[in-house]
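Enquirer: below: sequence and its predicted model.
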Amino acid sequence: MEVSEKEEISVEDEAVDKNIFKNCSKIAFYRRQKQQLSKKSTYQALLDSVTTGKDSTRFQIINQATKVPLLAEVFGIEGNIFRLKINEETPLKPRYEVPDVITSKPSTVRLISCSGDTGNLILADEKGDLKCHITANPFKVDLVSKEEVVMSINSLGQLYFEHLQIPLEQRATREKENASIDASQKNQEDLGLWEEKFGKFVDVKLNGPASVGLDFSLHGFEHLYGIPQHAESHQLKNTGGEDAYRLYNLDVYGYEIHNKMGIYGSVPYLLAHKLGRTLGIFWLNSSETLVEINTEPAVKMGPVDAKQKSKSRTDVHWMSESGIIDVFLLTGPTPFDVFKQYSSLTGTQAMPPLFSLGYHQCRWNYEDEQDVKAVDAGFDKHDIPYDVMWLDIEHTEGKRYFTWDKKRFPNPKRMQELLRNKKRKLVVISDPHIKIDPDYSVYAMAKEQGYFVRNHEGGDFEGICWPGLSSYLDFTNPKVREWYSGLFAFSVYQGSTDILYIWNDMNEPSVFRGPEQTMHKNAIHHGNWEHRELHNIYGFYQQKATAEGLTQRSRGKERPFVLTRSFFAGSQKYGAVWTGDNRAKWSYLKISIPMLLTLSVTGISFCGADVGGFVGDPEAELLVRWYQAGAYQPFFRCHSTINSKRREPWLFGKEHTQLIREAIRERYTLLPYWYCLFYCAHVTAEPIMRPLWVEFPDELETFGVEDEYMLGSALLVHPVTEPKATVVDVFLPGSNEVWYDSKTFASWEGACTVKIPVALDTIPVFQRGGSIVPIKTTIGKSTGWMTDSPYGLRVALSTKGSAVGELYLDDGHSFQYLQKQQFLHRKFCFCSGVLSNSCADERGHYTSKCVVEQIFVLGLKKQPSSVTTPSSDGKDQPVAFTYCAGTFTLSLENLSLNIGTDWEVHVK
């Protein structure tokens, strides 16, 4: 790969023509599987080979054409999970099995073999509710729940398994055989068996083709979700022709929307939902993967019985370039059961430091220390809170990570002290490519230790990225991760302090002018594994090493914050993810909602999209609407590319500054609610941003909604995503629900669509009746200024006149909540005219000076005669109140009720 010493690498090297990316017709293993499956070769299970071990049941599967055996293993896993593994029985060499994603060895449950006839094997868990019904010929697996077949595996006969072969040049064969191989190679060059051509690149496959595939039929299901990351609708669409969903991590600058091509991250996990059941399929494979989906809707059978319908069915066909078949079947039955099942395998969302839930200000690039100081002062001057300043690649010395540009940032510690004094933080970028420069200490150390990915000839892999010619750290090697983690130590990372946190970008990995802007598939990693085996997990490993480094620098005391662009299943354990290089267009604001919902239901709750759009310049109206949407999404950051106009919140005129200020301040008002949602995501795997079908799983109307969503179970948000909108249609679900407009306090019954007027200062947000949302009543310059500021409670009564909510509180930055149980978890309940604050978790202990000073009760139909709080001497203390008959709201002000102690407020 050639690049001259003086050649400038620019944004143009990343913003490449989309034709350099493959579609399905250009992917050889896809063509091979489609061609072979059209011939209908079948597999048979040899049930006389069944053996039952401590953890699993094993049996052989044989291809009736080739007679080469495969080994199948079925596991029962605690929590209603089945696992199916299929591998070569005697592979030429071990095939890649994805390590480090499953958090610990899953706790297996013994599967009992029930009676089956000679051609069948039935495995059941001890309760007998779930059964795995294996049919021998042709091989098929039915997953049966309470006598209903909910899923069938290989019922379409799409099991496909290419066996590793001896390299062509090592075959000691006779000339005649060689001639036949050559002939077949010539005939089948299009199938890319031993080498695959794309543009000017040739991918040489040492052990020949090695792809795998399998089909799953979901009975009665028409609604599927998941398999991020695509700029697509939340509900997965049917894939026709050569239009499969592609999971292959790629740097796609200004990606196209409504496209199934792979972008920055891959989570090979989907959920299926119907009335009465939710299922999950987790396909644990880190090589390039394609997913085809075909839904056959229910149809009426005929005029004889118009009510009788054929059952709907969705077929899902997974195909991966290499590895083994290793699939987890999550049987629910509820959405929250499936979330818990998936998190038991891959972990829950990391508990973030509180500052990271505030607002983040970023661009490529803030020019120098003076620029940082001026932007920071601008927020204070315009009374806009923010928590984190970000520095992109230009802060370094020639794109050498862990360094500072001596002219632009001569005194980084002084700059950080300025931010620290404002109780703010700094995030800087650290990419996986390392500039080839013997005088650059990070390069020299990695080179000496052999820590770079190698090319297939044995030398260091070299590719072009921002610094020019670079080598790429091999994060799949535990020793490399340990060494990289050590680079974040304060003594090593000169100029860093404990308010500096990290952003991992370009970690797909991005290789300019490489095949599809990424690494050659035959590059070699630790353990002699080819890059093709583990491509999709490369970025996961960098974020893991970074998070561990930030934790270690504080000797295990402080929570890290790491944002990553590339991700895999389980990345939620290490930090946050964003949707990459979006554009400053209304359509990208709109698509960000389903993109974030898809990330959320696949375990990655801490997610967001660049406010305003990264590429291009938003008009003022779009920017305001994007701030309003971003304020109600988990990761809230404005970011823009190097050739965009400056867009700090105060540069668009007084009116727009005011609107952006209000949106950001509303984010800070709701911080107690956000923090509680993150704690629940961390402990119980409940997503923060929820599609309506998750909260209302029995309401068919919610299954396809993607222009609005729930934040937790209490708030419904409908961002305005159209220009010059004056009214939006908001669907309010739940026939037994009541919803309150959070701005006007007007109420609506559920199960209806309402027209909401939207001026530019309006974002439709509704509080669900029956919920209590904790807020902060005063806003500081950043989260750090709000530690002791008072709380308010927004109590929204249900149709039955009751409400519940909770609050989680700890120091906001350390692991003491985990290590020493230093936290408060409180429960609020309004019932029969009494609002109470009680302990939700007796294990926690944490002292807070904070008080509840304000309580709003929405939906109180009758004016109270008195409001009292019991005092320490046992007498009722009267509380001044205001009641508005027009909106049925009760307002209590100037209270002083300690947040951490039990108390009651009586409304009579």
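Expert: That came in fine, so what should we check first? Residues are numbered from 1 along each chain as shown.
Enquirer: show the subsequent helix or strand relative to the least confident helix or strand in the chain by mean pLDDT.
Expert: One helix or strand of the chain scores below all others by mean pLDDT, DSSP states H and E: helix 175-187, with a mean of 45. As assigned by DSSP states H and E, the chain's next helix or strand after helix 175-187 is strand 195-198.
Enquirer: what does the helix or strand that comes right after that next one contact?
Expert: Downstream of strand 195-198, the first helix or strand assigned by DSSP H and E is strand 201-204. Strand 201-204 is touched from outside by 192, 194-197, 456, 514-515, 520-522, 532, with contacts defined as C-beta atoms under 8 Å, 6 or more residues apart in numbering. C-beta coordinates here come from the backbone N, C-alpha and C atoms, glycine included.
Enquirer: mind listing the strands strand 201-204 pairs with, and their directions?
Expert: strand 195-198 (antiparallel) (DSSP bridges).
Enquirer: how far off centre is the strand it pairs with?
Expert: Taking C-alpha atoms, centre = their mean, to the nearest Å, one finds the center of strand 195-198 at 32 Å from the center of the full chain.
Enquirer: ditto for stretch 446-464
Expert: Offset of stretch 446-464 from its chain centre (C-alpha atoms, centre = their mean): 31 Å.
Enquirer: now the end-to-end length of it.
Expert: Across stretch 446-464, the terminal residues are separated by 18 Å (C-alpha to C-alpha, to the nearest Å).
Enquirer: one step back: ok, the contacts of strand 201-204 vs F221, which is closest?
Expert: Using C-beta to C-beta, the shortest approach to F221 within the contacts of strand 201-204 belongs to R532, at 32.0 Å.
Enquirer: phi, psi for the closest one please.
Expert: When read as degrees, to the nearest 10, the backbone of R532 gives phi -60, psi -30.
Enquirer: once you drop chain neighbours, what's closest to it?
Expert: Among residues not flanking R532 along the chain, K521 sits closest, at 3.8 Å (C-beta to C-beta, 6 or more residues apart in numbering).
Enquirer: I'd say that neighbour and W529 touch.
Expert: No - taking contacts as C-beta atoms under 8 Å, K521 lies outside contact range of W529: 11.3 Å.
Enquirer: can you report how many residues lie near the closest residue to N898 other than its chain neighbours?
Expert: Spatial nearest neighbour of N898, chain neighbours left out: V851 (5.6 Å); criterion: C-beta to C-beta, 6+ apart. V851 has 18 neighbouring residues, counting by other C-beta atoms under 10 Å.
Enquirer: got the contact list for V851?
Expert: Contacts of V851 were listed using C-beta under 8 Å, 6+ apart, and they are 790-791, 895-899.
Enquirer: what do you get if the cut-off is 7 Å, keeping everything else the same?
Expert: 790, 896-899 (C-beta atoms under 7 Å, 6 or more residues apart in numbering).
Enquirer: ok, the residues you listed vs G859, which is closest?
Expert: L897 (21.4 Å).
Enquirer: is Q349 located within a helix, as I assumed?
Expert: No - Q349 is assigned coil when assessed by DSSP: H, G, I helix; E, B strand; the rest coil, not a helix.
Enquirer: so it sits against C607, correct?
Expert: No - in this structure, Q349 is not within contact of C607 by C-beta atoms under 7 Å, at 9.7 Å.
Enquirer: quick one: common contacting residues for these two?
Expert: Counting by C-beta under 7 Å, 6+ apart, Q349 and C607 have no shared contacts at all.
Enquirer: the stretch 451-600 of the chain: helices as residue ranges?
Expert: 478-486, 531-534, 538-553, 586-601 (DSSP state H, counting those that start in this stretch).
Enquirer: nearest to D17, of those?
Expert: It is, among these and with distance given as C-beta to C-beta, helix 586-601, at 19.6 Å.
Enquirer: and S896, how many neighbours does it have?
Expert: Neighbour number of S896 under other C-beta under 10 Å is 9.
Enquirer: nearest residue to it other than its sequence neighbours?
Expert: S896's closest residue in space is V851 (C-beta to C-beta, 6+ apart), at 4.8 Å.
Enquirer: and the pLDDT at F636?
Expert: On pLDDT, F636 comes in at 99.
Enquirer: next: E448.
Expert: According to the model, E448 carries a pLDDT of 98.
Enquirer: and it, what element?
Expert: With DSSP H and E as the test, E448 turns up in helix 441-449.
Enquirer: show the end-to-end separation of stretch 32-41, please.
Expert: 13 Å.
Enquirer: what separates that stretch from the chain centre, distance-wise?
Expert: 34 Å.
Enquirer: who's in contact with that stretch?
Expert: For stretch 32-41, using C-beta under 7 Å, 6+ apart, the contacting residues are 63-65, 157-158, 160, 191, 209, 211, 213, 319.
Enquirer: cool, and stretch 858-874?
Expert: Applying C-beta under 7 Å, 6+ apart, the contact partners of stretch 858-874 are 738, 740, 745, 747, 767, 769, 795-797, 876-879, 881, 883, 885, 888-890, 892, 897, 903-908.
Enquirer: repeat that with 8 Å
Expert: So stretch 858-874 is contacted by 738, 740, 745, 747, 767, 769, 794-798, 801, 833, 876-881, 883, 885, 887-890, 892, 895, 897, 903-908 (C-beta under 8 Å, 6+ apart).
Enquirer: what mean pLDDT does that stretch have?
Expert: 93.
Enquirer: quote the end-to-end distance of it.
Expert: End-to-end distance (C-alpha to C-alpha), stretch 858-874: 28 Å.
Enquirer: can you pull the buried residues of that stretch?
Expert: Buried positions in stretch 858-874, judged by neighbour count with 16 or more other C-beta atoms under 10 Å: 858-860, 867-869.
Enquirer: a markdown table for those, including secondary structure and distance to N421?
Expert: Shown next, in a markdown table, are the buried residues of stretch 858-874 (DSSP: H, G, I helix; E, B strand; the rest coil; distance: C-beta to C-beta, whole Å):
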| residue | secondary structure | distance to N421 |
| --- | --- | --- |
| L858 | strand | 40 |
| G859 | coil | 44 |
| L860 | coil | 45 |
| V867 | strand | 42 |
| T868 | strand | 44 |
| T869 | strand | 39 |
